[in-house]
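Trainee: attaching a predicted model along with its sequence, questions to come.
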Amino acid sequence: MLAAISSEWTKLWSVRSTWWCLIGAAALMALYSVPLGFDAAEPNPDMSHADQLLHVEDVATAGLLFTQFALIALALLTVTSEYASGSMRTTLQCEPRRGRVLVAKLVVVEVVALVAGALLALLGAGLGYLTAGDYGVFDLSAVATVAGKVSVYLGVVVALAIGLAVGLRSTAGALVVAFLALFLLPMVLMMSGMDLMTDVSYYLPGTAGTEYLGIGIATLFGLDDGIPYDGTGGLGLLAAWSVVTLLAGYLVLRRRDA
């Protein structure tokens, strides 16, 4: 197992796409947090100073709604790029136990996601604070808590991405499914105004994940009162989606040729 993990670690850092995905994630977080900070720094005569304060830990979590897809792309490429190039056959010849290959890829991506998640949260909070001026509030304990939550959230999400990548074997296809499940589909179902569709949206991974982060998609539509779980339950539901997706991906990996 250590040899398999070492091999996957070497492959991950020997391609430029890894670096571009991480740079893209940092750029997306900066593009979200800097304008938000500058906007908060502009005095608003219709609001009191207290109401205009920007708690920068909120910047980090809100920016993650878009930033996460750079990390998802990184996770997908660890699998789909090998199928596209045909190198997956070499990987499975070197390590015929396919479950071990899947676990090794998952471990490597999890390490990157956990570390990158904490750093991205700190980056977003730091940039938001620097640009908000006198209206920025940097509470170290709150920022540290959010950094931990973002790290855990990305760790669960990239596991979902690995499952999709193994099952679909297509970067574009898996990325579209991840975007639908984590962002677009919950919003569309809530916007429908139909009770059944709204209830279904509560159990999608995107709704569950944002409830855990404290920036629930349902809150945007005033539907958060109907969600049958709290933040911890949201994390559990998101993790359940990741486990099911990984198991489905493993079955495809076992049954289909590379």
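Mentor: It's in. Numbers count the residues shown, from 1 in each chain.
Trainee: OK, contacts around the closest residue to Leu76 other than its chain neighbours?
Mentor: Nearest residue to Leu76 in three dimensions, chain neighbours excluded: Ala165, at 4.5 Å (C-beta to C-beta, 6 or more residues apart in numbering). Heads up, the C-betas are built off the backbone N, CA and C, glycines and all. With contact set as C-beta atoms under 8 Å, 6 or more residues apart in numbering, Ala165 has these partners: 75-76, 78-80, 171, 174, 249.
Trainee: buried residues, the helix or strand containing Tyr129. List them.
Mentor: Using DSSP states H and E, the element containing Tyr129 is helix 98-132. Going by neighbour count (16 or more other C-beta atoms under 10 Å), the buried part of helix 98-132 is 98, 101-106, 108-110, 112-114, 116-129, 131-132.
Trainee: do the same with stretch 52-59
Mentor: Applying 16+ other C-beta under 10 Å to stretch 52-59 flags 52, 54-59 as buried.
Trainee: what do you get for stretch 192-208?
Mentor: Buried, per 16+ other C-beta under 10 Å, within stretch 192-208: 198, 200-202, 204-208.
Trainee: what's the answer for stretch 245-254, then?
Mentor: For stretch 245-254, burial by neighbour count (16+ other C-beta under 10 Å) applies to 245-246, 249-250, 253.
Trainee: avg pLDDT for stretch 40-57?
Mentor: Computed over stretch 40-57, the mean pLDDT rounds to 75.
Trainee: list the buried ones in the helix or strand where Met88 lies?
Mentor: Per DSSP H and E, Met88 falls inside helix 87-94. By 16+ other C-beta under 10 Å, the buried positions in helix 87-94 come out as 88, 91-92.
Trainee: which residues in this structure form strands?
Mentor: Applying DSSP state E to the chain gives strands spanning 54-55, 136-137.
Trainee: between those strands, which gets nearest to Ala240?
Mentor: Of all the strands of the chain, strand 54-55 sits nearest to Ala240, with 30.7 Å by C-beta to C-beta.
Trainee: how far does that closest one sit from its chain's centre?
Mentor: Counting by C-alpha atoms, centre = their mean, to the nearest Å, strand 54-55 is centred 22 Å from the centre of its parent chain.
Trainee: identify the residues contacting it?
Mentor: 36-37, 40, 128, 132, 135-137, 139, 142.
Trainee: would you give the sheet partners of it, along with the direction of each?
Mentor: Pairing partners of strand 54-55, with direction, according to DSSP bridges: strand 136-137 (parallel).
Trainee: quick one: average confidence on the strand it pairs with?
Mentor: The average pLDDT for strand 136-137 rounds to 86.
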